[in-house]
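K.L.:
sequence first, then the predicted structure, then my questions.
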Amino acid sequence: MLDDSVTPDCVYTDPASVSRGHRELTAKMQTTQRNFPGATFRNDKFAQHHDQAISNWTMFDGDGKAIFTGTSWARYGDDGRLAQMTGFFEPAP
């Protein structure tokens, strides 16, 4: 699934980390899953144009309590896969 949706040389950044390529991105996702067991994301708003997108989202813990809110920006490659992603987030109010 990752190969189909994300370029092999993708770059993901957020306030706490930088991940380059599938291996580092997979490790980032695994760490997040370990740190927040059962967590889910809800996409609250999504807009896209000219091979770019922005999303407002909420992250919930395993009990359904909002723990983070954020905004993510993405750029797509010529093949339509994600090439660059940047996340901004803060604890939920």
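P.N.:
Perfect, thanks for sending it. Computed from a predicted model, the values in this text were never measured in an experiment.
K.L.:
quick check: P91 vs G38, distance?
P.N.:
Distance from P91 to G38, counting by Cβ to Cβ, to the nearest Å: 18 Å. Placement of C-beta: from N, CA and C, glycine included.
K.L.:
can you list the residue ranges for helices in this protein?
P.N.:
Assigned by DSSP state H, the chain shows helices spanning 2-5, 21-35.
K.L.:
once you drop chain neighbours, what's closest to the residue lying farthest from the centre of the chain?
P.N.:
What lies farthest from the middle of the chain is D63; by Cα atoms, centre = their mean that is 20.7 Å. Of all residues not flanking D63 in the chain, G38 sits nearest, at 7.7 Å (Cβ to Cβ, 6 or more residues apart in numbering).
K.L.:
and the one you found, how many neighbours does it have?
P.N.:
Using other Cβ atoms under 10 Å, the number of residues around G38 comes to 10.
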